[in-house]
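S.K.: model this:
(one chain, ligands or ions: 3)
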Amino acid sequence: MLLLGAHMSIAGGLEKAFSRGEEVGCTAMQIFTKNASQWRAKALSVEDIQAFKQAWDKSPIGPVVAHDSYLINLAAPEDDKWQKAMTAFLDEMTRCAALGIADLVMHPGAHTGSGEEAGLQRISEALRRILDQAPAGVRILLENTAGQGTYLGGSFEHLARIMESVGQERFGICFDTCHAFAAGYDLRDGERYERVMEAFDRTIGLQHLALFHLNDCKKGLGSHVDRHEHIGLGQIGEEGFRALMQDRRIASIPKILETPKGDDNEWDLRNLALLRELAGEE
Ligand code: MN
Ligand code: MN
Ligand code: ZN
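M.R.: Numbering: from 1, shown residues only. Ligands and ions are numbered 1, 2, ... in the order given. Model prediction:
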């Protein structure tokens, strides 16, 4: 069975994401475990955790992954910002552990002027410190980025360097198709998709793939502009997604949409139906 779904809202309570996900036919789902644009959140209560686990137990949705807050920048050169980011990320891991969520997606961070080398070292040091104190059972998924501005993680090499310097076994990779394309990895047809996967395998290793974010891309190849588009309607197009959906090597890896939802999640339904069709499912 395809593990396919979308990022779903937790408005009104974390457990509410399940009924929303079920309505659009998710078999996998991504959530924030708190408001993603705020630093602080109320600690999870026993009741919050229970409601979440009960809804998950009753749900046909299998894997649930979390995405961290967009405010967190583990590459920040300023010590106060860096400390704040580490504290916040550790809290995100703790929330995941409490909820039974095994994978937490994060963007490596932006060096904001200190330079690529300093930024990569900063992230690695932050992750080492975090992992020293982290709860067991939560894996960090490093997400590739569009490489916009001073953001690190646009190249597979960046992700490989972080993993190697911190310890590979603590990480998986979240591969975002829009970010890859915007960063210059051409996914527009089967042949080009294959070349990107070969580069990924050489640099990081396909065995580290843990999650896909399936987003088409509004802007051009190598534009470094991160704007998500509906599947097939962007610059990547249907053929690239067909190649990905039919790739047997990654068939069992969860795949998540982060595209605009429209009224009543109408676009989630359309994008998910198209992806199933491209996979060759009835
Ligand atoms: Mn992301
Ligand atoms: Mn993404
Ligand atoms: Zn994005």
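
S.K.: just the strands in the protein please.
M.R.: Under the criterion DSSP state E, the chain contains strands at 4-7, 28-31, 64-67, 103-106, 109-110, 139-143, 151-152, 171-176, 209-214, 216-217, 228-229, 255-257.

S.K.: Just send the ones you listed back as TSV, with mean pLDDT, distance to Ser45 and mean neighbour count too.
M.R.: In short, each C-beta sits where N, CA and C put it, glycine included. Formatted as TSV, the strands of the chain follow (pLDDT from 0 to 100; distance: least, CB to CB, whole Å; neighbours: other CB atoms under 10 Å):
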stretch	mean pLDDT	distance to Ser45	mean neighbour count
strand 4-7	98	24	24
strand 28-31	98	17	24
strand 64-67	98	18	25
strand 103-106	98	20	22
strand 109-110	98	31	22
strand 139-143	98	25	22
strand 151-152	98	35	24
strand 171-176	98	29	25
strand 209-214	98	28	22
strand 216-217	98	39	26
strand 228-229	98	33	20
strand 255-257	99	27	26
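
S.K.: mind putting those strands in JSON lines, distance to Ala43 included?
M.R.: JSON lines is the format used below for these (distance: least, CB to CB, whole Å):
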{"stretch": "strand 4-7", "distance to Ala43": "23"}
{"stretch": "strand 28-31", "distance to Ala43": "17"}
{"stretch": "strand 64-67", "distance to Ala43": "16"}
{"stretch": "strand 103-106", "distance to Ala43": "17"}
{"stretch": "strand 109-110", "distance to Ala43": "25"}
{"stretch": "strand 139-143", "distance to Ala43": "21"}
{"stretch": "strand 151-152", "distance to Ala43": "30"}
{"stretch": "strand 171-176", "distance to Ala43": "26"}
{"stretch": "strand 209-214", "distance to Ala43": "26"}
{"stretch": "strand 216-217", "distance to Ala43": "38"}
{"stretch": "strand 228-229", "distance to Ala43": "32"}
{"stretch": "strand 255-257", "distance to Ala43": "26"}
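
S.K.: Kindly state which of these is positioned closest to Asp268.
M.R.: In terms of CB to CB, the element of the strands of the chain nearest to Asp268 is strand 4-7, at 4.9 Å.

S.K.: can you pull the contacts of the residue of the stretch 1-150 of the chain found nearest ligand 2?
M.R.: As assessed by CB to the ion, ligand 2 sits closest to Glu143 within the stretch 1-150 of the chain, at 5.6 Å. Glu143 is in contact with 105-108, 153, 173-176, 179, 213, counting by CB atoms under 8 Å, 6 or more residues apart in numbering.

S.K.: and the residues you listed, which two are the farthest apart?
M.R.: The widest separation within those (CB to CB) is 14.7 Å, between Pro108 and His213.

S.K.: Quick one: list the elements packing against the lengthiest helix in the chain.
M.R.: Counting residues, the longest helix in the chain under DSSP state H turns out to be helix 79-99. Here helix 79-99 touches helix 46-58, strand 64-67, strand 103-106, helix 116-133, going by 3 or more CB pairs under 8 Å, 6 or more residues apart in numbering; DSSP states H and E.
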